[in-house]
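**Q** take this sequence and fold it.
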Amino acid sequence: MITDTEIKINGVQSLTKSLGSVGAERFIALIQREPFDYTKWQRTLWEDQSIEEISRTAMKIYENIAEQLSQPDREKSGGDMRSKLIAAVV
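**A** Coordinates of the predicted model:
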């Protein structure tokens with residue numbers, strides 16, 4: 001299991017890679033200013049879906065990830081593990 005510190009490090013690295021140093025810092029500042037309540041958001045996230053629909057969606061995502069991970073690694077052609085996981089979830 002990944003630690004909270006590792007998640008923070010990976011998150012900042014991803015933001016910096018995507019947005020650059022200034023953009024990443026700006027994004028973090030924007031997020032900190034927002035009155036965001038994760039618990040409220042999570043409670044309403046799937047309120048329009050049944051347990052069965054949520055389960056089917058989760059199983060599809062799991063199957064896509066498993067399929068992507070079972071394919072040969074294509075690092076030499078630009079495909080890495082992170083790309084596979086992102087492609088599987090999207």
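**Q** if I look at Gly11, how far off is Arg56?
**A** Per CB to CB, to the nearest Å, Gly11 is found 29 Å from Arg56. Placement of C-beta: from N, CA and C, glycine included.
**Q** which residues of this structure score low on pLDDT?
**A** Scanning the chain for pLDDT under 70 picks out 73-90.
**Q** helix or strand right after the longest helix along the chain?
**A** Longest helix in the chain, counting residues (DSSP state H): helix 4-33. Next helix or strand after helix 4-33 toward the C-terminus (DSSP states H and E): helix 38-45.
**Q** how distant is that next one from the center of its chain?
**A** How far helix 38-45 lies from its chain's middle: 17 Å, per CA atoms, centre = their mean, to the nearest Å.
**Q** compute the inter-axis angle for the following helix or strand past it and helix 38-45.
**A** Sequence-wise, the next helix or strand downstream of helix 38-45 (DSSP H and E) is helix 51-70. Per axes from the mean of the first three to the mean of the last three CA atoms, to 10 degrees, the angle that helix 51-70 makes with helix 38-45 is 100 degrees.
**Q** in helix 51-70, which residues are buried?
**A** For helix 51-70, the buried set under the neighbour-count rule, 16 or more other CB atoms under 10 Å, comprises 64, 68.
**Q** give the other helices and strands that it contacts.
**A** When contacts are defined as 3 or more CB pairs under 8 Å, 6 or more residues apart in numbering; DSSP states H and E, helix 51-70 packs onto helix 81-89.
**Q** buried set for the longest helix of the chain?
**A** Buried, per 16+ other CB under 10 Å, within helix 4-33: 15, 24.
**Q** report all helices and strands that it contacts.
**A** Contacting helix 4-33 under the criterion 3+ CB pairs under 8 Å, 6+ apart is no other helix or strand.
**Q** what domains does the record give for this structure?
**A** 1-36, 47-90 (automatic domain parsing).
**Q** wait, Thr16 touches Val22, no?
**A** No: under the criterion of CB atoms under 8 Å, Thr16 is not in contact with Val22, lying 9.6 Å apart.
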